[in-house]
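K.L.:
Pasted the sequence and its predicted model underneath.
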Amino acid sequence: MKILLILIFSIVLNLNYAICKKINSLVSGTDGYLYGTSYNYNCSSLSDTSAYIFKLKSDGTKYQVVFKFKSVLGNGSLTPIDKLIPNVENGVLYFYGVIETNKDSILYKINSNGSNFTVLHSFSSDSESISVPNSIALGPDGWLYMTSLEFANNQNATLSKMDLNGNNLTILHIFAPDIPSSGTHSDLAFSIDGKTVYGTTYGGGDYGKGLLYSISSSGTNYTVIHNFSGVNGDGENPEGGLILAKNNILYMTTMNGGWGKLGTLSAYNLSTNQFNSPVSFNGAGSNHYGANPNSLVQGSDGNIYIATTNGGANNFGAIFMYDTTFGTGKLIYDNFSNTNYSYFNPNGIIFNNNRVYIVVPSGGYYSTQNFGGILSINTDGSSPFIFDLYIKRIPNGCDYDTSILLYYISQTKVTTSFDISY
């Protein structure tokens, strides 16, 4: 392992790299690629402060920068919000997304090959519209659903929707005044028939610790399903993860609460209307499987995979698997650390090609810079490898190209890929 780390360090130094892009999100495309967004991080001195859309194969090959936002939005502050939303239209894969600039916040649409970038809607230009959406989802009815932290002048959080052309913005619900200070950070989930939307709020509710709600896709029948209390094993502050699993159960993560006060996996059975928290996370150290979960995904095997920000062996995060058939769970990976050439605080998880992919926004192999990478593991935590994105300095110092270092942890293989195309 010492020899391997020296080799990696030598590769990075010899190529004179300066890291400046932090990975923001990751999704699976229908074309066999993984797509993600990255943004400028603490590199104001660079000429290129653009955010990117990138893609790569699930084995780390064929990495490519698909789109630079500065090409149409200029070179100011650009921050992608939430993840890309894939949608196949007339046989063509498109993505929808939201990006915040120093002047405006926009909903955009783009072809997966980086062409036909289209601004669909500008949020801050609408004096009586919603503010910047912090979560966006495509409903089964073909409408885009969004949660926002505030509603123009009255500062209340909202749930809204609009069509795929960016028109017909409809406010479905304005939340109570105690919601905005905490926000509506959760993903949205939909009933199979698309007639019901499910969501959570980080705060508010009867105990001020968040709630699970449902509402019809037309904006009627708003119902609070559960008020999180943080007592007797109940979670508090749901954030990041909400999915409707194949067993007709809604699963969600809470950042806090549970028996250990370190977060839960909570569940609501739509068939029986029963709510419980089957997993309470228990922190760091031996036989501890994580703390403060932030995201979850259901794999093709039916199991739920969860990323926690903290906890695990070194208290820098863990990956946990919950078996939905038997109601049992186990830690599958916690080799996160803040030492040199390591990664920590995973935040974001997807399932692709029978492997788990995790966005790890902190750590990296270049010096002690915290720009992160993408971790991939088998469903049992074995065969881990890292995709480490970093920036190659062009000799004239005027521009920067993104390259990738693929590092197979616990193996003897280190490869670099420079087949970059814009």
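P.N.:
Everything's here; your move.
K.L.:
so how far is whichever helix or strand Glu239 is part of from its chain's centroid?
P.N.:
Assigned by DSSP states H and E, Glu239 belongs to strand 235-244. Offset of strand 235-244 from its chain centre (CA atoms, centre = their mean, to the nearest Å): 13 Å.
K.L.:
Stretch 63-70 too?
P.N.:
With CA atoms, centre = their mean, you get 19 Å for stretch 63-70.
K.L.:
lowest average confidence, helix or strand, in the protein?
P.N.:
Every helix and strand of the chain was ranked by mean pLDDT, DSSP states H and E. The lowest is helix 2-14, at a mean of 29.
K.L.:
Can you name the next helix or strand after it?
P.N.:
strand 21-28.
K.L.:
list the helices and strands that following strand packs on?
P.N.:
Contact here means 3 or more CB pairs under 8 Å, 6 or more residues apart in numbering; DSSP states H and E; on that basis strand 21-28 packs against strand 33-40, strand 78-89, strand 349-352, strand 355-360, strand 373-378, strand 385-393. From N, CA and C alone the C-beta is placed, and that goes for glycine too.
K.L.:
Try it again at 6 Å.
P.N.:
Under the contact criterion of 3 or more CB pairs under 6 Å, 6 or more residues apart in numbering; DSSP states H and E, strand 21-28 touches strand 33-40, strand 78-89, strand 349-352.
K.L.:
Let's see the helix or strand following the strand holding Glu239 as PDB, backbone CA atoms only.
P.N.:
Next helix or strand after strand 235-244 toward the C-terminus (DSSP H and E): strand 249-257. Written as PDB, here are the backbone C-alpha positions of strand 249-257 (Å, rounded to 0.1, in the frame of the first residue of the first chain):
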ATOM      1  CA  ILE A 249     -43.100   1.300   1.500                       C
ATOM      2  CA  LEU A 250     -41.800   4.800   1.600                       C
ATOM      3  CA  TYR A 251     -38.300   4.900   3.100                       C
ATOM      4  CA  MET A 252     -36.600   8.100   4.200                       C
ATOM      5  CA  THR A 253     -33.500   9.100   6.200                       C
ATOM      6  CA  THR A 254     -33.400  11.500   9.100                       C
ATOM      7  CA  MET A 255     -30.200  13.300  10.000                       C
ATOM      8  CA  ASN A 256     -30.900  13.200  13.700                       C
ATOM      9  CA  GLY A 257     -33.100  11.400  16.200                       C
END
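K.L.:
when you compare where strand 249-257 runs with where strand 235-244 runs, what's the angle?
P.N.:
Per axes from the mean of the first three to the mean of the last three CA atoms, to 10 degrees, the angle that strand 249-257 makes with strand 235-244 is 150 degrees.
K.L.:
Can you tell me the strand partners of strand 249-257 and which way each runs?
P.N.:
If you go by DSSP bridges, strand 249-257 pairs up with strand 235-244 (antiparallel), strand 264-269 (antiparallel).
K.L.:
which helices and strands does the helix or strand harbouring Thr309 pack with?
P.N.:
Using DSSP H and E, the element containing Thr309 is strand 304-310. Strand 304-310 sits against strand 291-298, strand 318-323, with contacts defined as 3+ CB pairs under 6 Å, 6+ apart.
K.L.:
Determine which of those strands approaches Pro140 most closely.
P.N.:
Comparing these against Pro140 with CB to CB, the closest turns out to be strand 291-298 (16.6 Å).
K.L.:
Leaving out chain neighbours, which residue sits closest to Phe387?
P.N.:
Distance criterion CB to CB, 6 or more residues apart in numbering; nearest residue to Phe387, sequence neighbours excluded, is Ile374 at 4.1 Å.
K.L.:
Would you confirm that the one you found contacts Pro384?
P.N.:
No: applying CB atoms under 6 Å, one finds Ile374 not in contact with Pro384, separated by 11.1 Å.
K.L.:
Looking at the two, which one has more neighbours?
P.N.:
Ile374 (24 against 20; other CB atoms under 10 Å).
K.L.:
Who does the more buried one form a beta bridge with?
P.N.:
Val359, Phe387.
K.L.:
ok, it to Gly290 distance?
P.N.:
19 Å (CB to CB, to the nearest Å).
K.L.:
Asn352 versus Gly97, what's the distance?
P.N.:
Taking CB to CB, one finds Gly97 at 19 Å from Asn352.
K.L.:
I meant to write Phe69 there.
P.N.:
25 Å.
K.L.:
can you check Leu93 too?
P.N.:
Separation of Leu93 from Asn352 (CB to CB) stands at 15 Å.
K.L.:
Surely Ser71 forms part of a helix?
P.N.:
Yes: under DSSP: H, G, I helix; E, B strand; the rest coil, Ser71 falls within a helix.
K.L.:
got a pLDDT number for it?
P.N.:
pLDDT for Ser71: 84.
K.L.:
Start at 216, not 1
P.N.:
All set: I'll call the first residue 216, so the last point we hit is now Ser286.
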